[in-house]
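Novice: Next come a sequence and a model predicted from it.
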Amino acid sequence: MALETDIRAFLSYLRVEKGLSDNTIQSYGRDMEQFWEFLHGDEEAEEKKQEIRTREIVRSDLVDFLAMQYKRGLDSRSVARSLATLRHFFRFSMLDGVIKDDPAATIESPKIRKSLPAFLSVEEVERLLAQPDEGSAVGVRDKAMIELMYSTGLRVSELIGIRVGDVQMEAGSLRCIGKGNKERLVPVGKKALKAVEEYLKTARPQLLGERSSPYLFLNRRGRAVDRISFWKLVGEYGRKAGLRRALKPHMLRHSFATHLLDRGADLRSVQMMLGHSDISTTQIYTHVVEERLKQVYKAHHPRA
């Protein structure tokens, strides 16, 4: 079968059997589309574009594709992600009996310099939370969203996917569906619960109007707030708060984890709250705390 057909089968496998999220599948799809376009770049006739088959692809094709990405100015992290996608695809193709040998098996991943995640100080979080206009329905909603994200460390996709029934006010927790459709229970702080309760009483009925929606956070049309809108509003509030760098939603998640560890939380508990399947992913935050302690030492010790 043609490569294009095998790619569709691969993406279907990721959705149906692996249960990956739509965002993750779209990311895999973009990587595979770029690879497909690279292989067909010199073909002119439309009918010829269907002739490349998965079993015809060799190691040098992958090496040339990755080299092309570097020439386009992509960094090592982006190239490594593309290679990871190709490895998944060819492993799937072997299991499916499409190929006998994996052309990606002997290709080494680019060396990636690990960068510490950016986070806010407690004072910066307070400034950020003071920005939404609590005299408007949208402002009350935004305050509740930011409070909840900082209080729980949710991903953006998890935050906008919360349904009204997922929040357990009396228990002080919420039910969250994370990556791979894995469910977890996350504790929620008192201030975030209070902000959500205020939103439910005053702002959400205004945004909902005569419509109905199971989702907790709604836009002016009564529909669930989308990822792009949340990115934009967080960035705008960050600018109003005078933060030292452009604010992205994931920085609230990083701040949540860093502040917990900074105050003595154990790594295993933070891992469970973040929904990390591997504790090594969570360990990056211990490096953040260590680095901050080094900076404090150098700034204040007389012989540093």
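Specialist: In hand now; what should we look at? Numbering: from 1, shown residues only.
Novice: CA atoms for contacts and neighbours, from now on please.
Specialist: Will do.
Novice: Just give the number of residues close to the closest residue to residue 89 other than its chain neighbours.
Specialist: Of all residues not flanking residue 89 in the chain, residue 10 sits nearest, at 6.5 Å (Cα to Cα, 6 or more residues apart in numbering). By the measure other Cα atoms under 10 Å, the count of residues near residue 10 is 21.
Novice: hmm, who's touching the helix or strand containing residue 10?
Specialist: Residue 10 is part of helix 3-16, with elements assigned from DSSP states H and E. Outside helix 3-16, the residues that touch it by Cα atoms under 8 Å, 6 or more residues apart in numbering are 20-22, 25, 28-29, 32, 36, 50, 52-54, 89, 92-93.
Novice: Where does pLDDT dip in the stretch 1-150 of the chain?
Specialist: Applying pLDDT under 70 to the stretch 1-150 of the chain flags residues 1, 42-51, 112-115.
Novice: Could you report the separation of the residue nearest to residue 89 from residue 94?
Specialist: 11 Å (Cα to Cα, to the nearest Å).
Novice: ranges for the strands of the stretch 101-250 of the chain?
Specialist: 167-168, 173-177, 183-187 (DSSP state E, counting those that start in this stretch).
Novice: Quick one: closest of those to residue 65.
Specialist: Among the strands of the stretch 101-250 of the chain, the nearest to residue 65 by Cα to Cα is strand 173-177 (35.5 Å).
Novice: and that closest one, what's its mean pLDDT?
Specialist: For strand 173-177, the mean per-residue pLDDT is 91.
Novice: angle of it against strand 183-187?
Specialist: Put simply, strand 173-177 runs at 150 degrees to strand 183-187, going by axes from the mean of the first three to the mean of the last three Cα atoms, to 10 degrees.
Novice: Let's see strand 173-177 as CSV, backbone CA atoms only.
Specialist: The C-alpha coordinates for strand 173-177 follow below in CSV (Å, rounded to 0.1, in the frame of the first residue of the first chain):
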residue,chain,number,x,y,z
SER,A,173,-11.1,18.4,44.5
LEU,A,174,-11.8,18.0,40.8
ARG,A,175,-11.9,15.0,38.4
CYS,A,176,-9.5,15.5,35.4
ILE,A,177,-9.1,13.5,32.2
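Novice: returning to what we had before: possible to save the strands of the stretch 101-250 of the chain as TSV with distance to residue 239?
Specialist: Rendered in TSV, the data for those read as follows (distance: least, Cα to Cα, whole Å):
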stretch	distance to residue 239
strand 167-168	30
strand 173-177	29
strand 183-187	29
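Novice: With mean neighbour count and distance to residue 288 as extra columns, can I get the ones you listed in a markdown table?
Specialist: Output for these, formatted as a markdown table (neighbours: other Cα atoms under 10 Å; distance: least, Cα to Cα, whole Å):
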| stretch | mean neighbour count | distance to residue 288 |
| --- | --- | --- |
| strand 167-168 | 18 | 31 |
| strand 173-177 | 19 | 26 |
| strand 183-187 | 15 | 23 |
